[in-house]
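K.L.:
generate coordinates for the sequence data below:
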Amino acid sequence: MKINEIFFSIQGEGKQVGLPTIFIRTTGCDLRCSYCDTVGAYYEGKEMPIEQIIGAVKKYPCKRICLTGGEPLLQSEAVDLANALLDLGYELSLETNGSIAISNFLKKIKENRRKLSISLDIKCPSSKMSDKMIFENIHYLSLKDQLKFIIDDKEDYDYAKEIMRKYEPKCEVIFQPVGGMNAKKIMEWALKDGIDVRIGIQLHKILSTR
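P.N.:
This is a model prediction of the structure:
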């Protein structure tokens, strides 16, 4: 697999925010979101066999891993890496950008699905990538997974709200501001509308250990 970086920090967003986590960031992404903060992962990285990736992971005192990108599902070896980590007893979260069907990946995961969680993004209009989304992915999310919307303005907010209404996700839904920090306007809109979402920020931008 082509890997951009492997590092140990805290999870900065979502349901596991604040928890120590090993991050495996893969190289390559099929989207070019207007607000992307990991553009270095588009092309930069080195080829690493799965055994070498596992060796790097084992150096850290943690059993929680986030497989992120880039977009991990662009690489066919992603499912082999996921199964290998799950077989070793790691708790794994897969972050995927919403543009690639997750059904095939989930079919190839062994009986360890209970140790795997999916963090699925649905891109809003401000990203300039909303037309790339595969909305059927939402139907494959379980209660342990999460659905995330990155929101810049009221158009994004209304778009996310409509997706929730149409697809009725079973999992927790997270609204997070572009830039990761200023969530006040999103909070005000959500409270006014009475929608049941988690309002999130990017904690790692405050407490970065890197």
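K.L.:
how far away from the center of its chain is the helix ranked longest in the chain?
P.N.:
In the chain, taking DSSP state H as the definition, the longest helix is helix 154-167. Helix 154-167 sits 19 Å away from the centroid of its parent chain (Cα atoms, centre = their mean, to the nearest Å).
K.L.:
show me what the helix or strand just after that helix is packed up against.
P.N.:
Per DSSP states H and E, the first helix or strand lying C-terminal to helix 154-167 is strand 172-177. Identification of packing neighbours for strand 172-177 by 3 or more Cβ pairs under 8 Å, 6 or more residues apart in numbering; DSSP states H and E yields strand 146-151, helix 154-167, helix 184-193, strand 198-199. All C-beta atoms are positioned from the backbone trio N, CA, C, and that covers glycine.
K.L.:
which parts of the chain are helices?
P.N.:
Under DSSP H, the chain gives helices at 50-57, 78-87, 103-108, 154-167, 184-193.
K.L.:
which among these is found nearest to Phe135?
P.N.:
helix 154-167 (6.0 Å; Cβ to Cβ).
K.L.:
and for the closest one, what's in contact with it?
P.N.:
Contacts to helix 154-167, defined as Cβ atoms under 8 Å, 6 or more residues apart in numbering, come from residues 122, 124-126, 130, 135, 138-139, 149-151, 173, 175, 186, 189-190, 193, 195, 197.
K.L.:
show the buried residues in those residues.
P.N.:
Among those, those classed as buried by 16 or more other Cβ atoms under 10 Å are 122, 124-126, 130, 138, 149-151, 173, 175, 186, 189-190, 197.
K.L.:
report how many residues lie close to the residue nearest to Leu141 when sequence neighbours are not counted.
P.N.:
Leaving aside its chain neighbours, Leu141 sits nearest to Cys171 (4.5 Å; criterion: Cβ to Cβ, 6 or more residues apart in numbering). Cys171 sits with 18 neighbouring residues when counted by other Cβ atoms under 10 Å.
K.L.:
how about the contacts made by Cys171?
P.N.:
Counted by Cβ under 8 Å, 6+ apart, Cys171 has contacts Leu141, Ser142, Leu143, Lys144, Asp145, Gln146, Leu147.
K.L.:
check it and give its pLDDT.
P.N.:
Note on Cys171: pLDDT of 97.
K.L.:
where's the closest residue to Gln16 other than its chain neighbours relative to Ala82, distance?
P.N.:
Spatial nearest neighbour of Gln16, excluding adjacent residues (Cβ to Cβ, 6+ apart): Ser93 at 6.8 Å. Per Cβ to Cβ, to the nearest Å, Ser93 is found 10 Å from Ala82.
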